[in-house]
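Asker: Sharing a model that was predicted from the sequence below.
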Amino acid sequence: MQPGGQPNMQQIMEQAQKMQQQLMTAQQELQSAEVSGTAGGGLVTAVVSGAGELKSMSIDPKAADPEDTETLADLVVAAVRDANRAAQELQAEKMGPMTNALGGGAGPDLGGLGMSGL
C-alpha cells in the first residue's frame, strides 16, 4: 500500500496479468475437456466440450423406432441437456476461483479491485 491507503499500481497490474493468464488457461482447458450426458438409461449419449460445444452423439439402435421418432428426439434433447449440465459444472469448477476473486459477481469491489484473494 502506498501512503493514503491507495493500492500500489504495480501490484494491481501484476495481479491483473496473473488473473488474465489463469483465465486463458482455464478457457483452454474447458475447450479441450469433454463431458458426456446420457438419457434413456444410456440409449443416447451426447459428448460436449467443457465450453458446451456438442462434439458427438451416439444412439443405441434400440432407441431408433421408426414408429416413435418423438421419443428418440426427447432422448436426444435430454442427453444434450445432461451433457451441458456437466459442462456447466466443469465451468464452475474451473472458473469459480476466478469469479470469487473478482467478488463473486455481487458487484465491483473497487477498494481492492476484487483481487484480494490472489
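Answerer: Nice, I can see it. Numbers count the residues shown, from 1 in each chain.
Asker: which residue is nearest the centroid of the protein?
Answerer: Closest residue to the average C-alpha location of the chain: residue 91 at 1.9 Å, with C-alpha atoms, centre = their mean.
Asker: Hmm, residue 51 and that residue touching each other?
Answerer: Yes - counting by C-beta atoms under 8 Å, residue 91 does reach residue 51; the two are 7.5 Å apart. The C-beta positions use only the backbone N, C-alpha and C, and glycine is treated the same way.
Asker: Measure how far stretch 53-67 is from the centre of its chain, please.
Answerer: Centre-to-centre, stretch 53-67 and its host chain are 25 Å apart (C-alpha atoms, centre = their mean, to the nearest Å).
Asker: Ok, stretch 75-87 next?
Answerer: Computed by C-alpha atoms, centre = their mean, the chain-centroid distance of stretch 75-87 equals 14 Å.
Asker: which helix is the longest one in the protein?
Answerer: helix 69-101 (DSSP state H).
Asker: how far out from the middle of the chain is that one?
Answerer: Put simply, helix 69-101 sits 8 Å off its chain's centre (C-alpha atoms, centre = their mean).
Asker: I'd like the mean pLDDT over that helix, please.
Answerer: Confidence for helix 69-101, expressed as mean pLDDT, is 88.
Asker: Repeat that for stretch 58-65.
Answerer: Stretch 58-65 shows a mean pLDDT of 93.
Asker: got the CA positions of that stretch in PDB?
Answerer: Included here for stretch 58-65 are C-alpha records, laid out as PDB according to Å, rounded to 0.1, in the frame of the first residue of the first chain:
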ATOM      1  CA  SER A  58     -24.300 -41.900 -30.100                       C
ATOM      2  CA  ILE A  59     -27.700 -43.600 -30.300                       C
ATOM      3  CA  ASP A  60     -28.300 -47.200 -29.500                       C
ATOM      4  CA  PRO A  61     -30.200 -48.900 -32.300                       C
ATOM      5  CA  LYS A  62     -32.800 -50.000 -29.700                       C
ATOM      6  CA  ALA A  63     -33.800 -46.300 -29.400                       C
ATOM      7  CA  ALA A  64     -34.400 -45.900 -33.200                       C
ATOM      8  CA  ASP A  65     -38.000 -47.000 -33.500                       C
END
